[in-house]
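Enquirer: could you work out the structure for the sequence below:
(one chain, ligands or ions: 2)
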Amino acid sequence: MNEKLERQIETAAEIIAAAQHVAVLTGAGVSAESGVGTFRDAQTGLWARFDPQQLASQEGFAADPGRVWRWYMHRLDMVQRARPNPGHVALAALEAMTPTFTLITQNVDDLHERAGSRNVLHLHGRIERFHCNGCGLPYTLHPQDRDAPMPPTCTFCTDYVRPSVVWFGELLPAHELAEAQRAAGTCDVFLVIGTSGVVYPAAHLPRIAKRRAAPVIEVNPEESALSDMADIWLSGPSGELLPRLLEAIRLRRAGQANVS
Ligand code: BJW
Ligand code: ZN
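Expert: Ligands and ions are numbered 1, 2, ... in the order given. From the prediction side, this is the model:
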């Protein structure tokens with residue numbers, strides 16, 4: 001690891017170790033090293049020729065419900081086969097050593113929870129949950145639905161069933177969004193990990209923190225739409241950098257405990 005990055009990690013660790021309230025926003029990049037494809041990187045295989053932004057919308061679902069259903073079943077399978085990576089594990093460990101910790105994720109997978117994170121706000125819903133697109137009635141997925149060419153239909157209103165995720169043009173869950181905004185407005189430091197920062201209102205959260213003078217620390221191998229406003233940009237994969245950051249925070253926290 002280069003010297004500049006080492007110094008940046010030390011500075012970030014110092015800020016995080018001194019914080020009472022740490023807020024974190026994660027995106028698809030945090031699950032990339034678990035084998036779950038990101039949104040805006042080129043898709044692979046069967047789905048390479050489709051634009052995810054077209055599939056994740058009411059318009060896309062109306063145009064071809066079977067295609068959207070098969071895409072989500074393919075992704076559900078991918079998520080359920082995946083395992084949390086060292087980045088997820090480091091965030092769970094950081095939560096355990098931080099007085100107040102809010103993990104805000106745009107991801108629809110449950111890899112944070114499976115890594116041991118407790119206080120997780122899912123801004124864009126959950127891929128393993130389902131409801132009717134017409135009347136909202138919850139739906140329990142049956143094994144035969146996974147290979148079906150079309151979505152199942154609702155027993156109450158006969159409309160199509162869909163995954164309980166937030167598509168473009170749809171409102172985010174009100175409680176999760178309010179809690180995320182509250183955390184951004186009250187935290188001592190805000191971490192942005194593995195997101196391109198182009199989807200709103202999630203991308204506004206680091207700006208709320210910054211307005212309240214909380215430093216913003218980004219972890220991403222590529223420059224994102226939020227890199228310019230970040231106080232520190234740790235350039236690299238979160239599965240490698242978060243464990244290193246955690247170790248540096250641990251050493252500082254241990255030092256603090258010895259002094260007090
Ligand atoms: C690594 C890595 C490694 C790689 N380690 N990093 C204000 C301004 C402009 C537009 C709007 C606005 N307010 C609302 C809008 C409209 C719209 C929007 O934001 N559009 C923009 C695209 C312009 N927003 C909405 O419609 C939202 N609803 C809303 O606001 O309702 C009110 C309203 C309605 C209508 C009009 C106005 C207001 C809803 C947004 C829902 C987003 N849903 C999706 C799909 C979820 C379901 C599913 O999974 O299928 O959520 S879209 C998709 O993008 C998904 C993601 O959660 C989200 C963010 O993507 P993310 O996580 O950032 O992934 P990527 O792929 O973009 O980036 C990955 C990053 O990882 C990259 O940076 C890599 O470098 C990095 N990386 N490997 C760390 N190893
Ligand atoms: Zn219904």
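
Enquirer: how about the residues of the stretch 51-200 of the chain near ligand 1?
Expert: Taking CB under 6 Å from any ligand atom, the part of the stretch 51-200 of the chain that reaches ligand 1 is made up of 56, 106, 108, 124, 165-172, 194-196, 198-200. In short, each C-beta sits where N, CA and C put it, glycine included.

Enquirer: of those, just the buried ones, PyMOL syntax please.
Expert: Those of those that count as buried under 16 or more other CB atoms under 10 Å are selected in PyMOL with:
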select buried, resi 56+106+108+124+165+166+167+172+194+195+196+199
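
Enquirer: which stretches of the stretch 151-260 of the chain form strands?
Expert: Applying DSSP state E, counting those that start in this stretch to the stretch 151-260 of the chain gives strands spanning 161-165, 189-193, 216-219, 232-234.

Enquirer: a markdown table please, covering these and showing distance to ligand 2.
Expert: As requested, the strands of the stretch 151-260 of the chain are exported to a markdown table (distance: least, CB to the ion, whole Å):
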| stretch | distance to ligand 2 |
| --- | --- |
| strand 161-165 | 8 |
| strand 189-193 | 37 |
| strand 216-219 | 41 |
| strand 232-234 | 46 |
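
Enquirer: mind putting the ones you listed into TSV with distance to residue 225 and mean pLDDT?
Expert: Below are those laid out as TSV (distance: least, CB to CB, whole Å; pLDDT from 0 to 100):
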stretch	distance to residue 225	mean pLDDT
strand 161-165	22	98
strand 189-193	10	98
strand 216-219	11	98
strand 232-234	12	98
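
Enquirer: could I get those in TSV, plus columns for distance to residue 26?
Expert: Converted to TSV, those look like this (distance: least, CB to CB, whole Å):
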stretch	distance to residue 26
strand 161-165	16
strand 189-193	5
strand 216-219	9
strand 232-234	14
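
Enquirer: ok, which of these comes nearest residue 91?
Expert: Nearest to residue 91 among the strands of the stretch 151-260 of the chain is strand 189-193 (7.9 Å), distances taken as CB to CB.

Enquirer: got the contact list for the longest strand anywhere in the chain?
Expert: In the chain, taking DSSP state E as the definition, the longest strand is strand 125-132. Contact with strand 125-132 is made by 72, 75-76, 79-80, 108-110, 137-141, 154, 156-157, 159-166, 173, as judged by CB atoms under 8 Å, 6 or more residues apart in numbering.

Enquirer: go on, stretch 233-246?
Expert: 1, 5, 8-9, 12-13, 16, 29-30, 32-33, 85-87, 89-91, 93-94, 193-194, 217-221, 223, 227.

Enquirer: just stretch 108-119 next, same as before
Expert: Contacts for stretch 108-119 (CB under 8 Å, 6+ apart): 26, 30-31, 34, 36, 79, 82-85, 88-89, 91-93, 95-96, 101-103, 105, 120, 122, 124-128, 163, 165.
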